[in-house]
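[1] take this sequence and fold it.
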Amino acid sequence: MGAAYAQDAISPNESDDWRRAMLRDDAATYETYLRAHPDGDNALEARRRVQAERDADRFAWDRARALDTPQSYLSYRAAHPDGAWRAEAGARADGFLQALPPSSVPTPAPLTLPGHTPTPPTYFPPPPPPR
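    The predicted structure follows:
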């Protein structure tokens with residue numbers, strides 16, 4: 001009876017807002033839910049999820065700063081596109097890359113598998129024009 005009663009106590013609006021927050025599963029949507037329903041049945045869980053996302057963002061930023069490489073800042077931005085330090089990560093990555101002379105900007109190494117010798121790409125000439 002308790003679970004059914006608790007479900008009945010949620011207004012349709014709150015239930016829809018919570019469902020939307022759960023589907024998006026990001027801090028901004030949980031914060032929207034909390035502004036509309038600060039004392040709602042799911043407010044505690046929404047606050048917990050917002051804090052967990054902030055903690056994960058902070059951890060990723062601290063790791064990027066500790067590594068202090070262009071790759072670490074670009075990885076932070078990729079993993080946390082709406083992160084609190086997104087702009088600073090971009091500026092730091094750009095600063096690293098601009099400080100390098102053009103000839104020293106690393107190019108990605110080709111992917112090789114153990115025991116496999118890479119072969120050069122095969123050139124296929126274009127087909128002859130139709131007659």
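[2] next one: residue 82 from residue 27, what distance?
    Computed as C-beta to C-beta, to the nearest Å, the residue 82 to residue 27 distance reads 8 Å. The way it works is simple: take the backbone N, C-alpha and C, and place the C-beta from them, glycine included.
[3] between the two, point out the one with more neighbours.
    More crowded of residue 82 and residue 27, by other C-beta atoms under 10 Å: residue 27, with 20 against 10.
[4] next one: the more buried one from residue 16, what distance?
    Relative to residue 16, residue 27 is positioned 19 Å away (C-beta to C-beta).
[5] tell me, how many residues neighbour residue 64?
    Residue 64 has 25 neighbours, counted by other C-beta under 10 Å.
[6] and it, what does it touch?
    By C-beta atoms under 8 Å, 6 or more residues apart in numbering, residue 64 lies in contact with 72, 73, 75, 76, 85, 89.
[7] how about the helices in the protein?
    Along the chain, counting by DSSP state H, helices occupy 2-9, 12-24, 27-36, 43-67, 70-79, 86-99.
[8] of those, which shows the lowest average pLDDT?
    Of all the helices of the chain, the minimum mean pLDDT falls on helix 2-9 (a mean of 39).
[9] tell me the contacts of residue 74?
    With C-beta under 8 Å, 6+ apart, residue 74 has these contacts: 89, 93.
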